[in-house]
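Asks: let me see the structure of the following:
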Amino acid sequence: MSLRLVPMTLATFRALASGDVGTAEEQIGAPLPTAFAEAIDIWRFMVRLVSEHPDNAGWAMQVVMTDGSVVGNAGFKGAPTNGQVEVGYRIVPEHRRRGLAVAALRTLLDQAVGSPEVTRVIARIDPGNQPSVGVVTRAGFVADGEHLQPRWGRQLQFAYATGAPPT
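Replies: Modelled structure (predicted):
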């Protein structure tokens, strides 16, 4: 199994946010699973993130592909702020429990570690999402308190120090 992350453009986020799956498939170059395409909240967030702040373009969601198939998305929720960047990931249900989320997260960590502006990577997870807690801990994150997100409520926070000196 060969996993890779493929960057998406603002045009792709816009196509997905508007439900134009055909255009998104053309731009990505692969058929999209329904669960991937229907994650409209993610795609709308990415449209706002990248269109309002173009410097976030390199710090957005990417397509998770394995053996030429789209199996999910993983990426960042914007450019680093004060040395910190947040990750997000989602593997479509039919591809879960195969280590793909951990592999995608480790690929994101490699990207973050390679950036001198990142000193810390965080992940915020719903307390009831134990599979995701397992993903981040297997990838090397440690518990780092809680966060109150206005829309989603209480979340557990996990952190990964990149080893880069603080900026």
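Asks: residues contacting residue 25?
Replies: When contacts are counted by C-beta atoms under 8 Å, 6 or more residues apart in numbering, residue 25 touches 31-32. C-betas here are computed from N, CA, C, even on glycine.
Asks: quick check on it: phi, psi?
Replies: Main-chain dihedrals, residue 25, degrees, to the nearest 10: phi -60, psi -40.
Asks: next: the one 4 residues further on.
Replies: Geometry field for residue 29 lists phi and psi as phi 90, psi 20, criterion degrees, to the nearest 10.
Asks: just residue 136 next, same as before
Replies: As for residue 136, its main-chain torsions (degrees, to the nearest 10) stand at phi -70, psi -40.
Asks: same question, residue 37
Replies: According to degrees, to the nearest 10, residue 37 has phi -60, psi -30.
Asks: quick one, helices of the protein?
Replies: 10-17, 21-28, 34-37, 40-52, 100-113, 130-138 (DSSP state H).
Asks: wait, which of those helices is closest to residue 146?
Replies: Proximity to residue 146, assessed across the helices of the chain by C-beta to C-beta, is greatest for helix 130-138 (12.7 Å).
Asks: angle of that closest one against helix 100-113?
Replies: Helix 130-138 runs at 40 degrees relative to helix 100-113, counting by axes from the mean of the first three to the mean of the last three C-alpha atoms, to 10 degrees.
Asks: of the helices of the chain, which is nearest residue 152?
Replies: helix 40-52 (10.5 Å).
Asks: I'd like to know which elements the closest one is packed against.
Replies: helix 10-17 (3 or more C-beta pairs under 8 Å, 6 or more residues apart in numbering; DSSP states H and E).
Asks: neighbouring contacts of the helix it packs on?
Replies: Taking C-beta under 8 Å, 6+ apart as the rule, helix 10-17 contacts 21, 23-24, 27-28, 37, 39-40, 43-44, 46-47, 50-51, 57, 60-61.
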